[in-house]
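J.: okay, predicted coordinates and the sequence, questions at the end:
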Amino acid sequence: MRPTIAAAFAGTACAAVALATAQLAAAAVAPGSAPVAAIGAAVVDAVPEPVKEFAIRTFGEYDKLALLAGIGTALAVLAAATGVAARRRPWIGYAVLALLGGAGAAAALARPAASPSWAVPSLVGAACGAGVLALLLRERLEGPAAPGRAVDRRGVLIALGGAGLAGAAGWRLTGTSDLEDARNAIDLPAPVDVGPAGAGLDDAADIDGLTPYLTPNGDFYRVDTALVLPRVLPEDYTLRITGRVANPLELSYRDLLDRGLVEREITISCVSNEVGGNLAGNARWLGVPLADLLAEAGPEPGADQVVSRSADGWTAGTPTEACTDGRDALVAVGMNGRPLPLEHGFPVRMIVPGLYGYVSATKWLTEIELSSFADFDAYWVRRDWKAQAPIKTFSRIDTPKPLATVAAGQVTVAGVAWAQQRGVARVEVRVDDGPWSEAELAPVIGDDTWRQWKWTWEAASGRRTLEVRATDGDGAVQTEERVTPFPDGATGWHSIVLNAE
Ligand SMILES: Nc1nc2c(c(=O)[nH]1)N[C@H]1C(S)=C(S)[C@@H](COP(=O)(O)O)O[C@H]1N2
Ligand SMILES: [Mo]
């Protein structure tokens, strides 16, 4: 192996040791304090809107994985290059480690949930990396043909192996197995108020590719800024209701379970959906009516915004009106008969029918603060998304798929439509700008869930365009005008092109 290549490996080994020891230290402090997690979170907070949209469009639910892979690749390249440079000028290696350690510590300290100890993992990692660098670069010169320090090649292997072990232990300790255990141990009480159970089309199961009426927890879309799942154990849990209220409240997880829970089917959806997007899901949510909690706390006049805050410092702002006007706004603990999954906010989240997730659906909920829209901008509002964001009427063709080839003759066209709080009254489909035909709708239990629809198409052979539009319960037809998700939700009719032959 050429000395330069050995040096590149040495640089990578030092970085691996630094990251692994930092991860191990983070297990003792908090998973979010690990340098990659902290820098990743800072990147998530800092990226401009178009980049975030690009990431969601390109990587979908793997946006987090893509970011971590990107950071990992950048670090590996930097580490290898630093290793090569440090063979002649070791100070470069120490300087890069000090810089990265400092950056990691600063990023960790800047997290909303950070305490001063959050700086420790990055500093420990940088120190361990520097120690290994000193060991790997031996003081002996290799001769005029290859100036610079010799690399201890066996040391590189040992360092890489050690980093692998420490990293694995760190990952395991910062993992979620204790949270999963706590979740599995929970016995949710039966609801005192069991809402009606909806259903899809009679023959929904026979329609290949149609979105099921209820979304299984494991298939539910996930959107959030959390690179590391916030760790909230039910036994340590407190929900605080604070701010402009007459009686601030503090409730434990047990207090919430003991309040008498209601169960409601509600479809939630993300403002980042493009026309035809799939960032939406329908579940049976079990929880405490938010209106009851607010009534007990007693909002002061003028407190027109309910600011909900998560364990990792994310915020949403919901109109107080929407939390108290009689709709099923919930402080939810259960989803489809199970405690909330970790990715969906365990142990407690908010659900408010009719509003996009970013202004209502706070996961890992720890605080509800009564404020006003004049006084406080929540996370995405600070990034120029609208503070008021009711869900816009949406309809989607699930089957056939775009660019599919179908046999001419009878073809089942089917999908879902939603317009929470207003309800879906009609869905229509048309072919190649022809007349609109009314689709058959599944029965409904209320206005807050999506509705499956289907239409039987007599397909003549050729290249065809199918379009769908819905009409809400107020009689408003979904608008054709195409607008982007930013700043308060996309509009436009979903269309697909396919071949009948
Ligand atoms: N703590 C926290 N809660 C959050 C978010 C977040 O980034 N952090 N994202 C919101 C957004 S934008 C949406 S669309 C919903 C998605 O909920 P889900 O992941 O359970 O589908 O969660 C909301 N709650
Ligand atoms: Mo969202």
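T.: Cool, got the structure. Ligands and ions are numbered 1, 2, ... in the order given.
J.: could you use CA atoms for every contact and neighbour count after this?
T.: Fine.
J.: tell me the spacing between the residue lying closest to residue 202 once chain neighbours are set aside and residue 450.
T.: Nearest residue to residue 202 in three dimensions, chain neighbours excluded: residue 442, at 7.7 Å (CA to CA, 6 or more residues apart in numbering). To residue 450, residue 442 is 9 Å away according to CA to CA, to the nearest Å.
J.: more neighbours: these two, which one.
T.: When residue 442 and residue 450 are compared for neighbours, residue 450 comes out ahead with 30 against 19, by other CA atoms under 10 Å.
J.: that older thread, report pLDDT for the residue nearest to residue 202.
T.: If you check residue 442, the pLDDT there is 98.
J.: count residues in the vicinity of the closest residue to ligand 2 within the stretch 251-400 of the chain, would you?
T.: Nearest to ligand 2 in the stretch 251-400 of the chain, going by CA to the ion, is residue 270, at a distance of 3.6 Å. When counting by other CA under 10 Å, one arrives at 23 neighbours for residue 270.
J.: ditto for residue 374
T.: Other residues near residue 374 come to 10 when the count uses other CA under 10 Å.
J.: same deal with the one 10 residues further on?
T.: A count of nearby residues for residue 384, using other CA under 10 Å, gives 13.
J.: show me the contacts for residue 453.
T.: Taking CA atoms under 8 Å, 6 or more residues apart in numbering, we find residue 453 in contact with 201, 414, 415, 416, 417, 427, 439, 440, 441, 442.
J.: typed the wrong thing, it's residue 298
T.: 245, 246, 247.
J.: would you map the helices across this protein?
T.: Taking DSSP state H as the test, the helices found in the chain are 3-29, 35-46, 49-59, 63-88, 90-109, 120-136, 153-173, 177-184, 253-257, 290-297, 320-324.
J.: tabulate those helices in a markdown table, adding columns for mean neighbour count.
T.: Output for the helices of the chain, formatted as a markdown table (neighbours: other CA atoms under 10 Å):
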| stretch | mean neighbour count |
| --- | --- |
| helix 3-29 | 26 |
| helix 35-46 | 21 |
| helix 49-59 | 14 |
| helix 63-88 | 18 |
| helix 90-109 | 20 |
| helix 120-136 | 24 |
| helix 153-173 | 18 |
| helix 177-184 | 14 |
| helix 253-257 | 16 |
| helix 290-297 | 18 |
| helix 320-324 | 19 |
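J.: dump the ones you listed into a markdown table; add mean pLDDT and distance to ligand 2 as well.
T.: Output for those, formatted as a markdown table (pLDDT from 0 to 100; distance: least, CA to the ion, whole Å):
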| stretch | mean pLDDT | distance to ligand 2 |
| --- | --- | --- |
| helix 3-29 | 93 | 29 |
| helix 35-46 | 90 | 14 |
| helix 49-59 | 76 | 10 |
| helix 63-88 | 91 | 13 |
| helix 90-109 | 95 | 24 |
| helix 120-136 | 95 | 31 |
| helix 153-173 | 90 | 28 |
| helix 177-184 | 95 | 24 |
| helix 253-257 | 98 | 26 |
| helix 290-297 | 98 | 20 |
| helix 320-324 | 98 | 18 |
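J.: tell me which of those sits nearest to residue 476.
T.: Residue 476 lies closest to helix 320-324 among the helices of the chain, at 20.9 Å (CA to CA).
J.: name the residues that touch the closest one?
T.: 290, 291, 294, 303, 304, 305, 306, 329, 352.
J.: my guess is the residue nearest to residue 202 contacts residue 198, does it?
T.: No: if you go by CA atoms under 8 Å, residue 442 and residue 198 don't touch, sitting 9.2 Å apart.
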